[in-house]
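[1] Okay, sequence plus prediction incoming.
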Amino acid sequence: MSSSSNPPPPPPQESSSNNPDGGGHHRINIVTTPPTQSSPRSSSGSPPPVVHHVCLPPHVTTFEKLKHKFGEIFFPEDPFHVYKDQTLSNKIVLGIKQLFPILAWAPSYNLELFKSDFIAGITIASLAIPQGISYAKLASLPPTVGLYSSFVPPLIYTVFGSSRHIGIGPVAVGSLVMGSMLTEEISPTDQKDLYLQIAFTATLFAGLFEAALGLLRLGFIIDFLSKATLIGFMTGVATVVALQQLKGLFGITHFTSKFQAIPVIESVVSNKDEWSVRTMIMGFCFLAFLLTAKQISAKRPKLFWVTAAAPLTSIIVSTLIMYLFQFHDVSIIGRLPRGINPSSLDKLYLHGPYLSLAIKTGITVAVLSLAVGGFARSAVNYNAGAKTAVSNFVMAMAVLVTLLFLIPLFTYTPNFILSAIIVTAVIGLIDFEGAYNLWRVDKLDCLSCFCSFLGVVFVSVQLGLTIAVSVSVFRLILNVARPNTTILGNIPGTDIYQSLALYKNALRVPSFLILRIESPIMFSNSIYLQERILRWIRDEEQWIKTNGGSSLRSIILDLGAVTNIDTTGVDALRDLRHRLDGRSLQLVLVNPLALVVEKLDETGLLESFKHNGLYLTVGEAVIDISSSWKP
């Protein structure tokens, strides 16, 4: 679109300073052409110009702005909407129900719901009991500690929890991270009591940290862990966990306490004389059984109970085998204390040289628990037909019965079956398809994933997590500091302007350079954007010189994707305009959002763009500006 193909419309008209819409706001007059062919035409045959009266946003006080921003940051889901137009008594009742969700559904609870919850609770208990024992081993803790993690927390969740389907209990990732971080400084065998104290204290700080995030509405911090880095981190953790289980599957007695891949493999190879053929045969046979059961449920969701029952079935069968045949070359769990343990408050480690370790471990485990979570039990709970949180209560009661009466039955449970259960659980964390999709869609995301994976597998779990967070934050900073800018062209026969790189039929508009900025203009990127725009101008002038096009006269910036601008960004626009004026190039802004218009007005820059410098669309800007040029 150029002036040669569009008869010149009348020049823009200045409107009255009075605002008929009320409010006394300033206006910006924008010249455009009517969108329909039925509109009246001028004597020259071109559509007559139409003046759009664009008002600035209504005046909002600083307090109202801060209140709105505070709400958007900390309460994006608007949890207080249920209190609107309610009486004081109703607000109190609603508040109590939000604090204790059980009060919302308990009055209508009936026997039919309990039947479904009972079946679901027993089903997830059959999965939670063997997993609790296995994950305690993963964290180098006594098996009963793992069972307590599936006993006390579900009871609390029944009262305070809001989800009907989530299954509460320990997860492999959190157990591994706790074990790896604590064993670096404390020996779980030589310093058993101290290790248990630090583990309890780390758990306390994990709970306090998560509670603080919830009360202060800071859960969005977890969003800084991108999907790409999480895929790499989880795949690395799953690999490390699986390699660690070679000790139990091979029956090795002396094994490295390190969690990195190379020391683990070296330990397996260097201790070949400790390999137990009987342990290996039974261990890998049960592992194959568990993996097969998992595949059956994955392909046929209605057979979810196969996956749920497989771990407990494996423990029962393997324990019977060990009890009947008394294989002395196969290691077993041994006798476990029966009953409920007394309070562990007196075992908390709240002062001393290892307090920082407990705090660091607790916060790390808390972050991972929020970012990852345990999906296996929740999926089983859902598929088993859970209707309310009572399914967790039933599971807790089943674990309680186990602690009180059934725990001696695990005396002959072989260690290889625990290793097989852990391997089966963590294999699902390895996401090859996700990594491949990252490679196919975004190579930089794939690099982030790979770096996170390598950090976990070859250095440490903590470093892998650090890399995951660092890469995610770096990607975020990079996107803000180096935003995308695109040169636009006209789609022939339309008033649509799109990227010249993406749309091959898009054409340059003679004498215009049309750019779209695709991010906020802020202190972190204003200098870069200014330099990038000047580079676009240089490249465009070089293209014109090479191809013999019309000389460049106007720069149009499409601000439709610019959601915000700060004072540094305003200064950058002002400086850019000054530099372009010195080169006889006109700077035009198109489609600025309300917040951007407000900032430009408050800083006084908007006034300089009000005449032939601010338009609703790129097409309108091209028509109006080109019509003002002399042939």
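    The structure has been received and is ready for your questions.
[2] Could you check how far residue 230 is from residue 367?
    Per Cβ to Cβ, to the nearest Å, residue 230 is found 11 Å from residue 367. Any C-beta I mention is one placed from the backbone N, CA and C, and that applies to glycine too.
[3] again, but for residue 554
    51 Å.
[4] next one: residue 395
    Residue 395 is 26 Å from residue 367, by Cβ to Cβ.
[5] Going by how many neighbours each has, rank these two and give me the top one.
    Taking neighbours as other Cβ atoms under 10 Å, residue 395 and residue 367 compare with residue 395 leading, 32 against 22.
[6] Show me which residues of the helix or strand where that one lies are buried.
    Element membership for residue 395 (DSSP states H and E) is helix 390-401. Buried residues in helix 390-401, counted by 16 or more other Cβ atoms under 10 Å: 390-400.
[7] Check what pLDDT residue 525 gets.
    At residue 525, the model reports a pLDDT of 93.
[8] Could you do residue 121 as well?
    For residue 121, pLDDT reads 92.
[9] List the buried residues in the one helix or strand it maps to.
    Element membership of residue 121 [criterion: DSSP H and E] is helix 111-138. Residues of helix 111-138 classed as buried: 114, 116-138 (neighbour count, 16+ other Cβ under 10 Å).
[10] Following element in sequence after that helix, please.
    Defined by DSSP H and E, the subsequent element after helix 111-138 is helix 143-148.
[11] and that next one, what's its mean pLDDT?
    Here the average pLDDT along helix 143-148 is 90.
[12] same deal with stretch 97-108?
    Per-residue scores along stretch 97-108 average to 90.
[13] State the distance spanning the first to the last residue of that stretch.
    Using Cα to Cα, to the nearest Å, one end of stretch 97-108 lies 14 Å from the other.
[14] Same question for stretch 339-358.
    Note: stretch 339-358 ends 27 Å apart using Cα to Cα.
[15] And for that stretch, what's in contact with it?
    Residues outside stretch 339-358 that contact it (Cβ atoms under 8 Å, 6 or more residues apart in numbering): 144, 148, 181-182, 185-186, 194, 196-198, 200-202, 204-205, 400, 403-404.
[16] Could I get the contacting residues of residue 518?
    By Cβ under 8 Å, 6+ apart, the residues touching residue 518 are 483-486, 561.
[17] who wins for neighbours among the residues you listed?
    Busiest of the contacts of residue 518 [other Cβ under 10 Å] is residue 483, holding 20 neighbours.
[18] Give the helix, strand or coil label for that residue.
    coil (DSSP: H, G, I helix; E, B strand; the rest coil).
[19] Name the nearest residue to it, sequence neighbours excluded.
    residue 519 (3.3 Å; Cβ to Cβ, 6 or more residues apart in numbering).
[20] ok, that neighbour to residue 564 distance?
    Relative to residue 564, and taking Cβ to Cβ, residue 519 is found at 9 Å.
[21] and residue 173, that one's in a strand?
    No. Under three-state DSSP, residue 173 sits outside any strand and is assigned helix.
[22] Isn't it up against residue 240?
    No. Between residue 173 and residue 240 there is no contact under Cβ atoms under 8 Å: 10.3 Å.
[23] Skipping its backbone neighbours, what lies nearest residue 377 in space?
    Spatial nearest neighbour of residue 377, excluding adjacent residues (Cβ to Cβ, 6+ apart): residue 167 at 3.0 Å.
[24] Enumerate every residue touching that neighbour.
    Here residue 167 is in contact with 124, 128, 374, 376-378, 380-381, 391-392, 395 (Cβ under 8 Å, 6+ apart).
[25] tell me which element it falls in.
    Using DSSP H and E, no helix or strand contains residue 167.
[26] Could you do the one 10 residues further on as well?
    Counting by DSSP H and E, the secondary-structure element that holds residue 177 is helix 172-183.
[27] Give the buried residues for the following helix or strand past that helix.
    Going down the chain from helix 172-183, the next helix or strand is helix 192-215, by DSSP H and E. Within helix 192-215, the residues that count as buried by 16+ other Cβ under 10 Å are 194-206, 209-210, 213.
[28] angle of the following helix or strand past helix 192-215 against helix 111-138?
    Downstream of helix 192-215, the first helix or strand assigned by DSSP H and E is helix 227-244. Put simply, helix 227-244 runs at 70 degrees to helix 111-138, going by axes from the mean of the first three to the mean of the last three Cα atoms, to 10 degrees.
[29] And helix 227-244, what does it pack against?
    helix 172-183, helix 261-270, helix 415-427, helix 432-441, helix 443-458, helix 461-481 (3 or more Cβ pairs under 8 Å, 6 or more residues apart in numbering; DSSP states H and E).
[30] ok, back up a step: now do the helix holding residue 395 against helix 111-138, angle only.
    Using the same axes, to 10 degrees: helix 390-401 against helix 111-138 is 50 degrees.
[31] got the contact list for helix 390-401?
    109, 113-114, 117-118, 120-122, 124-125, 128-129, 132, 147, 150-152, 154-155, 157-158, 161, 166-168, 340, 381, 384.
[32] and it, how far out from the chain's middle?
    31 Å (Cα atoms, centre = their mean, to the nearest Å).
[33] what about that helix, average pLDDT?
    For helix 390-401, mean pLDDT rounds to 94.
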